[in-house]
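J.: prediction below, plus the sequence it came from.
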Amino acid sequence: KITENIPFFWQYNDDAGVQILTTAYFPKIFHTYKDRMERPTFPIIAKVLGEIVGVVISPVKKLSQLEKAGAGILLLKIFIFSIFSIISFEIFSKIMSKEYAFFSVFLFLTHEFTIKSLSMFHTLELQFITPVIISYFFLNLFKKYTHTKNIIFSIIIGILILAKSNYAFYFGFLIFSIINKKIFESILSFVMHLLPLALYLSYLKILNFEFYSLQKDYDMGVWLLNSNFLILENLFNLFIESITKFTAATFYNFHILIFAAIFGYFKLDDNLKKNYFLIILILIFMTWFQQFFSNRYRPYMSADISIIIFGLSSFWLFKLKFNTLNTKFILIPISILWLIANLLIMANFPLIHPKYHPERNSDVMTQRLDMVENYEDYTEDDRKNAKGGVLLNK
């Protein structure tokens, strides 16, 4: 089938449909899609924003649940990417001039994965945004620590992790803090970050939902038990294979920027180089370990270290000090080339106008919506079989 209209916010991710349904019908959707249960943060916030939009424009147009959900997700995307940009700039401007800090944020925002994340009904952007926010909190606490700030920041981190279970940087900073004998502060943070989860589990219990984690479907962590990892040779082979896959995924995601970041690190002052070495090593290790534990080596899962890669890459250019040229005559051409390169990476040739792109089966989409709205009409077997674009014969 060919779509009749050019769609706004065109979706190509397989989970996009379920994501907007989760927002529109939260928490009712858990009767049908219980695997969305562990990520409530975005649906809750987007649903509230969508309802506000619905009320505001109700005198002009009455929006459907899905339309309000779409509006809410769009507003949430704009908000979180704005916060991300401001925080990233604040972090980068601590080690380089504002022009280069802005340039670094531009590179970040125009990376092909960032562009895709912004344009999808999904939570993929939290793979790199959560580490940026956690890094900002850590630097803030490092500059001037108080228990109050630690508690507030840790609760916010707990809320973010309920949007996407991305623990690499959080655990990395906790390990670094423990190494530096901040044991009580680390324990306090860990306990407080669990508070949103405890409240959410209580909420589900009140609604008579049994909590379900998607990690069960992927055997995260459990896969190790089936790999004979206690045999030294098997464990060694697992590590080699894992490191190879992680390295390949990282190079696929960042390519030439990895070398620029390495050059940037060696341009740091001796004190900064010494102070940053351990924390960078721990954060990269935890990013690898997160992939190893989950046994998933998709390129986007290396995006946690984006703040390190983009920051040090821009810092390298900053330290080159093009004395004979104005800064803008260096940064503007690089920015244009970078944007064009990332757009070409995303492009599929020959280019096809969006209105001629294939559309998903509308009968399947209608049935999925009915399964959410009238979940009592479907059995557990129906819900299990309704995957991969399968139309149930009801």
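T.: Thanks, I have the structure now. It should be emphasised that the depicted structure is a prediction, and the values quoted were computed from it without experimental measurement. Numbering: from 1, shown residues only.
J.: the nearest residue to K68 once chain neighbours are set aside sits in which helix or strand?
T.: Spatial nearest neighbour of K68, chain neighbours left out: G50 (3.6 Å); criterion: Cβ to Cβ, 6 or more residues apart in numbering. In short, each C-beta sits where N, CA and C put it, glycine included. Per DSSP states H and E, G50 falls inside helix 41-57.
J.: and the average pLDDT for that helix is what?
T.: Helix 41-57 shows a mean pLDDT of 95.
J.: packing partners of it?
T.: helix 16-24, helix 65-92 (3 or more Cβ pairs under 8 Å, 6 or more residues apart in numbering; DSSP states H and E).
J.: who does whatever helix or strand T247 lives in touch, helix- and strand-wise?
T.: Using DSSP H and E, T247 maps to helix 232-254. Contact partners of helix 232-254 among helices and strands, from 3+ Cβ pairs under 8 Å, 6+ apart: helix 257-266, helix 270-294.
J.: which stretch in those helices is the model least sure about?
T.: Taking the mean pLDDT of the helices and strands packed on helix 232-254, helix 270-294 comes last: a mean of 91.
J.: contacting residues around it?
T.: Residues outside helix 270-294 that contact it (Cβ atoms under 8 Å, 6 or more residues apart in numbering): 95, 131, 166-169, 171-173, 175-176, 179, 215, 218, 220-221, 242-243, 245-246, 249, 265-266, 268, 297, 301-302, 304-305, 308.
J.: make it 6 Å
T.: By Cβ atoms under 6 Å, 6 or more residues apart in numbering, the residues outside helix 270-294 that reach it are 168-169, 171-172, 175-176, 220-221, 242, 246, 297, 301, 304-305.
J.: in that helix, what's buried?
T.: 276, 279-280, 282-284, 286-294 (16 or more other Cβ atoms under 10 Å).
J.: and if you look at stretch 352-368?
T.: 364, 367-368.
J.: what's the answer for stretch 92-110, then?
T.: Going by 16+ other Cβ under 10 Å, stretch 92-110 has these buried residues: 92-93, 95-96, 100-110.
J.: do stretch 53-60 as well
T.: Buried residues in stretch 53-60, defined by neighbour count with 16+ other Cβ under 10 Å: 53-54.
J.: related to what we said a few turns ago, so what's the gap between the helix holding T247 and the chain middle?
T.: Chain-centre distance of helix 232-254: 22 Å, with Cα atoms, centre = their mean, to the nearest Å.
J.: which SS class is K181?
T.: Under DSSP: H, G, I helix; E, B strand; the rest coil, K181 falls in the coil class.
J.: what does it show for phi and psi?
T.: phi 60, psi 30 (degrees, to the nearest 10).
J.: quick one, phi psi at the most centrally placed residue in the chain?
T.: Central residue of the chain (Cα atoms, centre = their mean): L126, 2.0 Å from the mean position. Main-chain torsions, L126, degrees, to the nearest 10: phi -70, psi -10.
J.: now swap in P358 and tell me
T.: Residue torsions, per degrees, to the nearest 10, at P358 are phi -60, psi 140.
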